[in-house]
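> Provide a 3D model corresponding to the input given below.
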Amino acid sequence: MTSILAIAALLAAQPADDAAIDARVADVLSKTPLIDGHNDLPYALHHAAEGSVADIAADTPYMTDLARMREGRVGAQMWSVYIPAGTTGDEAVRTTIEQIDLVDRMVAAYPAELGWAHDTSELLHVFASGRIASMAGIEGGHQIGGNLAALRQFKRLGAIYMTLTHSKTTGWADSATDEARHGGLSDFGRTVIAEMNRVGMLVDLSHVTAEAMHDALDVTAAPVIFSHSSARGVTDHVRNVPDDVLTRLPANGGVVMVTFVPQFVNAEVGAWGEAREAEMERLEALYPQIDGEPNEEGRAAYMAWMEANPAPKAQLTDVADHIDHVARVAGHDHVGIGGDLDGISSTVEGLDSVDDYPALFAELARRGWSDENLAKLAGGNLLRVMIEAEAAAAAMAATPAALDKPPIAD
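The predicted structure follows:
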């Protein structure tokens with residue numbers, strides 16, 4: 001009888017415990033802006049709305065809209081101004097400007113909800129006004145077209161960071177998902193890092209090889225970020241951050257903004273994806289297309305494979321495991337959030353859209369995270385990085401701008 005009464009008491013207390021945790025999370029996120037490092041809504045709008053600013057107030061088909069951002073307690077968003085890695089040279093510069101313009105028009109269309117933030121003080125001012133601070137992030141070094149003038153002007157237009165590569169190796173930095181040609185960074189790549197430091201643009205090491213991560217840490221004068229990466233010590237994926245890089249972050253001051261990409265946070269999802277790709281290649285060779293149309297036998301065989309091999313699902317707890325790992329290896333001062341929502345084709349169960357962030361913080365609170373460390377995760381760590389990068393730029397104010405060398409192949 002005693003054990004039954006104890007179990008009943010435990011079950012009765014559970015809702016109260018959840019309510020207390022939810023109240024803690026709400027209090028933390030009311031005081032510290034939740035800063036997400038990466039959201040691809042601008043590129044989703046570029047495709048679906050042909051570059052126009054569609055209605056993003058509520059009930060959109062995207063993972064992001066303003067109503068759900070409010071529900072998710074988002075305080076600041078780094079909007080990705082992504083362009084495909086195959087777009088290079090002058091076209092890359094032009095297309096990047098178009099994407100920054102789309103963010104600019106999106107912010108202008110919702111002045112009561114959004115406000116531009118070009119630095120830390122503007123971010124805090126917009127957050128204090130009750131709006132969501134908006135910043136732009138360049139998602140690949142190919143977007144400057146080998147031109148440091150473009151880099152400087154992107155910063156003036158609102159680009160708070162630049163990811164050194166996307167999916168392809170550039171003329172000066174190695175991508176984790178392409179052939180490495182530089183052993184990390186080239187000499188020009190080191191010049192790019194120095195110029196980013198000089199103008200106060202955050203160096204983003206998501207997408208690059210581990211060697212490029214180490215090269216950047218060797219030369220940067222400011223803390224780095226990983227705008228949307230997870231931990232290789234939990235899921236062995238090339239896009240994740242290895243532990244030997246995590247152990248260098250305390251000396252650098254940088255932050256890994258853990259992402260919600262299913263295959264990055266769950267090994268079973270990643271293995272299933274690789275098996276699916278291999279099966280698609282096998283079927284394409286076995287059943288060639290006819291007049292550019294899929295072969296019906298091949299399509300039937302593919303559907304049969306999919307039915308026999310249902311896709312596994314990553315869970316919110318997987319993301320929490322990655323956050324815990326980064327905090328354990330690098331420290332609680334070096335972890336943040338970078339969901340990559342609207343840039344992924346499938347989602348983590350429990351983190352399907354921007355309204356789900358509080359659930360992740362609640363999970364960490366249940367694991368014993370203090371309010372102080374939850375605030376660091378939400379945005380405190382990223383704010384510190386921004387302040388330190390701005391201080392580094394101020395110290396380099398008298399340094400002349402780096403002169404452009406002959407065009408660098410992208």
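> Only C-alpha atoms from now on, for both contacts and neighbour counts.
Will do.
> End to end on stretch 33-44, go ahead and measure it.
Its start and end residues considered, stretch 33-44 measures 25 Å (C-alpha to C-alpha, to the nearest Å).
> My read is that Ile387 contacts Thr120, right?
Yes. Counting by C-alpha atoms under 8 Å, Thr120 is a contact partner of Ile387 at 6.5 Å.
> For the stretch 151-300 of the chain, which segments are assigned as strands?
Under the criterion DSSP state E, counting those that start in this stretch, the stretch 151-300 of the chain carries strands at the ranges 159-163, 202-204, 224-226, 255-258.
> Distance-wise, check the residue nearest the centre of the chain relative to Thr259.
Residue closest to the average C-alpha location in the chain (C-alpha atoms, centre = their mean): His228, at 2.7 Å. Plainly put, His228 is 5 Å away from Thr259 if you go by C-alpha to C-alpha.
> which neighbours do these two share?
Ile337, Gly338, Gly339, Asp340 (C-alpha atoms under 8 Å, 6 or more residues apart in numbering).
> Of those, which is the nearest to Thr60?
Asp340 (17.2 Å; C-alpha to C-alpha).
> Counting neighbours, what do you get for that closest one?
Using other C-alpha atoms under 10 Å, Asp340 has 24 neighbouring residues.
> Enumerate every residue touching it.
Asp340 neighbours (C-alpha under 8 Å, 6+ apart): Gly37, His38, Asn39, Asp40, His228, Thr259, Phe260, Val261.
> give me the beta-bridge partners of the third one?
When bridges are called by DSSP bridges, Asn39 pairs up with Trp79, Leu341.
> show me where the stretch 301-410 of the chain has strands.
So, for the stretch 301-410 of the chain - with DSSP E, counting those that start in this stretch - the strands run 335-337.
> pLDDT weak spots in it?
Applying pLDDT under 70 to the stretch 301-410 of the chain picks out residues 403-410.
> domains of the protein?
Annotated domains of the chain cover 31-262+314-395, 267-313 [automatic domain parsing].
> what's the closest of those domains to Asp18?
Taking the domains of the chain one by one with C-alpha to C-alpha, domain 31-262+314-395 is closest: 8.2 Å.
> Show the end-to-end separation of the closest one, please.
30 Å.
> and what of stretch 56-66?
One end of stretch 56-66 sits 6 Å from the other (C-alpha to C-alpha).
> With stretch 331-341 instead?
Start-to-end span of stretch 331-341 (C-alpha to C-alpha) is 25 Å.
> next one: it to chain centre, how far?
9 Å (C-alpha atoms, centre = their mean, to the nearest Å).
> low-confidence ranges in the stretch 1-150 of the chain?
In the stretch 1-150 of the chain (pLDDT under 70), the answer is 1-16, 49-51.
> need the strands for it, in chain order.
For the stretch 1-150 of the chain, the strands defined by DSSP E, counting those that start in this stretch cover 34-39, 74-80, 114-116, 132-138.
> Just put those in JSON lines and tack on mean neighbour count and distance to Val53.
Below are the strands of the stretch 1-150 of the chain laid out as JSON lines (neighbours: other C-alpha atoms under 10 Å; distance: least, C-alpha to C-alpha, whole Å):
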{"stretch": "strand 34-39", "mean neighbour count": "28", "distance to Val53": "16"}
{"stretch": "strand 74-80", "mean neighbour count": "26", "distance to Val53": "14"}
{"stretch": "strand 114-116", "mean neighbour count": "23", "distance to Val53": "14"}
{"stretch": "strand 132-138", "mean neighbour count": "28", "distance to Val53": "15"}
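> would you list those strands in TSV and tack on distance to Val245?
Shown next, in TSV, are the strands of the stretch 1-150 of the chain (distance: least, C-alpha to C-alpha, whole Å):
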stretch	distance to Val245
strand 34-39	19
strand 74-80	23
strand 114-116	32
strand 132-138	22
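> Nearest to Thr235, out of those?
Comparison of the strands of the stretch 1-150 of the chain against Thr235 by C-alpha to C-alpha identifies strand 34-39 as nearest, at 20.0 Å.
> Kindly calculate the angle that that closest one makes with strand 132-138.
30 degrees (axes from the mean of the first three to the mean of the last three C-alpha atoms, to 10 degrees).
> What angle do strand 74-80 and strand 34-39 make with each other?
Relative orientation of strand 34-39 and strand 74-80, computed by the same axes, to 10 degrees: 20 degrees.
> Nothing else from me, thank you.
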